[in-house]
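Q: Structure here, sequence nowhere to be found:
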């Protein structure tokens, strides 16, 4: 039990991979086994991820459930760590992933008839990659997951997709790799810049946050990161891979693609671009916001013009993700929190829309809107679910979509009324095309006799949709209790990281009593921190810089605990350990200090 | 100076691995006096044992720096690691050769002897501390490879490959030799240490004869590693030579060429690196661009792998262009990772091919998944590894090389490397497309994985993934690959 | 006494002749002879430099190179003979089973 709780996050990450390997090693043809085994794994992983939510302590900005182990040493230093954890930002994306994977598995029950062994194994391996991306706290580890995840997705689209699947999957992998290869260059460059400033070789994300960059380098690196994320989001005009991938992908692939993969782009903006390159982020807000707003309006207009239901939903994703990006680049608490809620909400509602499209496709083998009409009469249960999901996608109050869009618009209004107005017009357009879709498919007379006696949803299909819809309601009604409360501290810290470097007023952002947390201190003053309850191996790492003079790494490890006694092993005079408090005295110098306590 | 003609044990230890390998080769030739059935059966085992035994002197010397034969040869961390890479290359070559040469009716014991002779030349090249040793070892390996590429001597394609390789190979050797002669004139010596001293003390650095000599040496070795613009022989030779030989030389000859390039340029010409770094920068960039872009247009998998091997030479050149310790370590790591993924890919080519070198068009891999899922999965691993996707050794190798270059502030070169990798994703992915996403031809029979070839496939695939997940140990080992400064 | 530079220039001329020969001629035997010319131009340079430097090293290298060249000849002619046996031609332009 002890190991289970200590390594809960690692287990959640790697259990699907292990299950996928078992499936691959099983003899082919045991199709019932593959289905049930992967579904049970998906449910167990979701169950195991729930303690991350219930045990999550709100009010803490830094990552929780942190696990780390040295992984690869480079240039004579322990530069690369296996280091994972969740904070208020990544928690919900991890949960979204563990939630949607079993849903996707269940939705494939009858849809996938060939090579089932490889299909379910790919889905499970993909889950490992996705959770890993959200949980990684080491840039190198993050990149490994980010890229490795492409491979199962590539096969999912290419092996079980529609007629044009090869084109779609090659386009998908080339677009994504284009951005991420340049990001890799930027990551390595950042690694060396950090080394030059501190003498420490590390890919630790929080240590890299403080890296001093020249203006040009910062813009170039921001560009490389932003390109990778913008392609993934996808931000207009880099979105062209998305409709193709969605249309060709099998239902489960579309659900995962829309539900989780796209969020990696927006998550990347929030986790990497903003805190690592605050000045460049701030300077480029007009550009990114403009692209996001174009995406919102363009996505909505193009969605309106589609005949293919899947293509319509795909373009609506471009619009919704535009909202998320806009929210993040407002640098306001409302905007960013709205963005995160919108990520989850879009994952649920669009995931559900793809499930619904898949269900109707299994019955009619077409996705052409004009082939439908009056389905409600034959399939009332289906119609009810479809309606709820449609309304959630539009952003009806009481459903999850409203919370996200409302908060984003509030955040955008703080920056510029024009942004808010344009974004709001996107909401109106979304209502137009979604309701139009619903009307054409579900209502009116049954013109096509094939639609007259379609069977309504089976028990399995209801089981697939019900939890998604339940969550849509839950988040819509209790956004504060379910999501916002947990993410407050992390979002505030991100905002402070961005603003701190832009010369805006900033101050210590840390709550005491953190076993695991992040320190930030700017300006002149003394600063202390309670480290009671810290783990036996507690240390502080990071860069402390004194004005423009330079910066220096401090490290204290390992500490007997509790309580900490005497002087720390730090070579850096301002750090003192007094009982179980860490004292950092910066009264004598103007400085910036950032670091991590684990 | 000791002018005794009897070599001392200390001297022999320096060239221990190559001596053992060459001795095993001669033993195979001697074994041919026995009935053909026995000698044929014994040859691969003698070869494997010889290669395994060559690890003994490697572990004895370790990474210690020793010179032998009056400074003609040297062993150091770099030499030992390169020899280990070559020995593993040899072992895997035996692994996929047994099946292949039987199928192609090339089952003669001297095949293994020639492979071993080539390896001994390659190993000697990594140990050469004198330019004439570089030339001699280059000829040992080249002449063996000329014969090997024409080993299917009744096959027109093999003959043609052999002749082309022979003509262009000796052409390149002549460049190398003339370069050595000019360096001799410029520096007054051709020992690497002596050249370095001459450059440091006498200001020979600006001597045009010496610089021209260095340039010609680079051209000669550039041919061997298939760097652009000296790559034109590669596709024809790789396509025409027997697949097992192509596989062997795509790794072995490349490793040996890079070993010589690294040692010569970082020791003898280390002090004038400002002069050659820009040239190497350009060659590396060109090699990556040409190799990857032309590979896109190929329809034959052997030709595609030939261009891919040119492209990979470009990535290794990036490590060399960085001209720092990280670059040398990256070069060693890259070759180690490349040996597994590339030899693995060739093993699949051999497995999927048919008698008479048939079935090498990429289209004949249609639906390979249905005919042999294991081989298709392994090929998928190799393709993604060659494309540089994690979690494979190919990614770690590229990461290491790019890190070394960024440490030397070569941002532009790394960006070119990253973008050409993107191009490579396209043509490697195409192989996975035909294997997994198309249906097999109706008359295509299942392919069974046989004995040693299957083991080779499993080993290379496992090693490729292992290096992608836990590269730490090999990173550390590669960090020890220091080239002794004379 | 002839200055060393003259020998070196002569060797450079011979080397260039060899290079041009390889690139222009299409008969592998002539191409191969051109390569031999290149090797021998290097030998000439070695000997000239050895005399200039008053060191025997260069002279010794020539012997090594000659031995290596002989080995190359053996292999090269064997390859050419093998080709001639199956095709009765050795013109490299007609060796076009693969793209050249």
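A: On my side now, so go ahead. No experiment lies behind these values; they were computed from the predicted model shown.

Q: residue boundaries of the strands in chain A?
A: For chain A, the strands defined by DSSP state E occupy A:64-74, A:77-86, A:517-522, A:526-530, A:540-546, A:550-553, A:575-578, A:581-585, A:592-597.

Q: tell me which element the residue in the stretch 201-350 of chain B positioned nearest to chain C falls in.
A: Going by C-beta to the nearest C-beta, chain C is nearest to residue B:236 of the stretch 201-350 of chain B, at 4.9 Å. Placement of C-beta: from N, CA and C, glycine included. Using DSSP states H and E, residue B:236 falls within helix B:234-240.

Q: which other helices and strands contact that helix?
A: helix B:156-187, helix B:243-263, helix B:301-322 (3 or more C-beta pairs under 8 Å, 6 or more residues apart in numbering or on different chains; DSSP states H and E).

Q: which residue packs closest to residue 30, ignoring adjacent ones?
A: Because you didn't say which chain, this covers chain A. Using C-beta to C-beta, 6 or more residues apart in numbering or on different chains and skipping the chain neighbours, the partner closest in space to residue A:30 is residue A:117 (7.6 Å).

Q: was after chain C, sorry
A: Take residue C:30 and drop its neighbours on the chain: the residue closest to it by C-beta to C-beta, 6+ apart is residue C:21, 6.7 Å away.

Q: Which secondary structure element is home to that neighbour?
A: Counting by DSSP H and E, residue C:21 is part of helix C:4-24.

Q: ok, and what's touching that helix?
A: Applying C-beta atoms under 8 Å, 6 or more residues apart in numbering or on different chains, the contact partners of helix C:4-24 are B:167, B:171, B:174, B:178, B:181, B:185, B:209, C:30-31, C:33-38, C:40-42, C:44-45, C:47-49, C:51-52.

Q: in that helix, what's buried?
A: Residues C:4, C:7-8, C:11-12, C:14-15, C:18-19, C:21-22 are the ones in helix C:4-24 that count as buried (16 or more other C-beta atoms under 10 Å in any protein chain shown).

Q: pLDDT added to the residues you listed, as JSON lines?
A: Below are the buried residues of helix C:4-24 laid out as JSON lines (pLDDT from 0 to 100):
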{"residue": "C:4", "pLDDT": "83"}
{"residue": "C:7", "pLDDT": "89"}
{"residue": "C:8", "pLDDT": "89"}
{"residue": "C:11", "pLDDT": "92"}
{"residue": "C:12", "pLDDT": "92"}
{"residue": "C:14", "pLDDT": "94"}
{"residue": "C:15", "pLDDT": "94"}
{"residue": "C:18", "pLDDT": "93"}
{"residue": "C:19", "pLDDT": "93"}
{"residue": "C:21", "pLDDT": "92"}
{"residue": "C:22", "pLDDT": "90"}
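
Q: And residue C:29, how far from chain B?
A: 11 Å (C-beta to the nearest C-beta, to the nearest Å).

Q: which residues sit in contact with the closest residue to that residue other than its chain neighbours?
A: Spatially, and ignoring its direct neighbours in sequence, residue C:29 is nearest to residue C:80 (6.6 Å; C-beta to C-beta, 6+ apart). With contact set as C-beta under 8 Å, 6+ apart, residue C:80 has these partners: B:163, C:28-29, C:32, C:90.

Q: And residue B:247, by the same measure?
A: Here residue B:247 is in contact with B:93, B:96, B:342-343, B:346-347, B:349-350 (criterion: C-beta under 8 Å, 6+ apart).

Q: if we take those residues, which one ends up nearest to chain A?
A: Within those, proximity to chain A (C-beta to the nearest C-beta) peaks at residue B:342, which comes in at 19.3 Å.

Q: Relative to the whole chain's centre, how far out is stretch B:307-327?
A: Relative to its parent chain, stretch B:307-327 has a centroid offset of 12 Å by C-alpha atoms, centre = their mean, to the nearest Å.

Q: repeat for stretch B:160-168
A: Taking the mean of its C-alpha atoms, stretch B:160-168 sits 18 Å from the chain's own mean (C-alpha atoms, centre = their mean).

Q: do the same with stretch B:409-424
A: Distance of stretch B:409-424 from its chain centroid, counting by C-alpha atoms, centre = their mean, is 22 Å.

Q: what's the answer for stretch B:33-50, then?
A: Using C-alpha atoms, centre = their mean, the offset of stretch B:33-50 from its chain centre is 25 Å.

Q: Just the buried positions in that stretch, please.
A: Across stretch B:33-50, burial judged by 16+ other C-beta under 10 Å covers B:39-40, B:42-44, B:46-48, B:50.

Q: same thing with stretch A:269-289?
A: A:269-282, A:284-285, A:288-289.

Q: give me the number of residues near residue A:345?
A: 31 (other C-beta atoms under 10 Å in any protein chain shown).

Q: OK, contacts around it?
A: Here residue A:345 is in contact with A:392, A:400-401, A:403-404, A:472, A:475 (C-beta under 8 Å, 6+ apart).

Q: How many residues are close by residue 37?
A: Just so you know, I chose chain A. There are 19 residues near residue A:37, going by other C-beta under 10 Å.

Q: that's the wrong chain, I wanted chain C
A: Counted with other C-beta under 10 Å, residue C:37 comes out at 19.

Q: Okay then, goodbye and thanks.
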